[in-house]
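Novice: Give me a model of this one.
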Amino acid sequence: MSKIVVYTDGAARGNPGPGGYGIVMKSGQHRKELSEGFRKTTNNRMELLAVIVALEQLKFENSDVEIYTDSKYVADAVEKGWVFNWEKVQFKKKKNPDLWIRFLKAYRKHQVKFHWVKGHANIPENERCDQLAVIASKKSNVLIDVEYEKSEDSLF
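Specialist: Numbering: from 1, shown residues only. From the prediction side, this is the model:
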């Protein structure tokens, strides 16, 4: 099975505000683009959700995956091992526990390596992900980031 290369990006207009994610997946001659928009969310949630959705798309467990992201939040959390420490304390006082739990479930099914890339640095696939995320955030038929909006409501 060949390596799967994934580029991801997330966007939010207002942070929080309307947001979206974009994904470009490549393996051999195959290429897939995915995106989705949300009514109200954050940039970090969209960055993380892009990675989750990409991993959940994989048909075969134990796939060799290289993920390119311009999100230090996501790349450092995994590559520096922070998320595994957060998991040990049940994500106490950490943002986005719902997504991190979902991420770990998908992540553990594969062999995943993260690469941080500078955003808006003329990396074609990263630029395409940015376009997909922004376009998705502007759609009229966006989804509701239920967990985000529910947690935001509990602050009042």
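
Novice: and the one helix or strand in the chain whose mean pLDDT sits lowest, what does it pack onto?
Specialist: When the helices and strands of the chain are compared on mean pLDDT, DSSP states H and E, helix 146-153 comes out lowest with a mean of 83. Contacts of helix 146-153 with other secondary structure elements, assessed using 3 or more CB pairs under 8 Å, 6 or more residues apart in numbering; DSSP states H and E, are made with strand 30-41. The way it works is simple: take the backbone N, C-alpha and C, and place the C-beta from them, glycine included.

Novice: and whichever helix or strand comes after the strand it packs on, which residues are buried?
Specialist: Moving toward the C-terminus from strand 30-41, the first helix or strand encountered (DSSP states H and E) is helix 43-57. Neighbour counts using 16 or more other CB atoms under 10 Å place 43-55 of helix 43-57 among the buried residues.

Novice: who does helix 43-57 touch, helix- and strand-wise?
Specialist: Applying 3+ CB pairs under 8 Å, 6+ apart, one finds that helix 43-57 makes contact with strand 4-12, strand 17-27, strand 30-41, strand 64-69, helix 72-79, helix 97-107, helix 124-137.

Novice: re the thing from before, which among the buried residues of helix 43-57 gets closest to residue 86?
Specialist: Taking CB to CB as the measure, residue 86 sits nearest to residue 48 out of the buried residues of helix 43-57, at 12.5 Å.

Novice: ok, and the closest non-adjacent residue to the closest one?
Specialist: Counting by CB to CB, 6 or more residues apart in numbering, residue 99 is the residue found nearest to residue 48 once chain neighbours are left out, at 4.8 Å.
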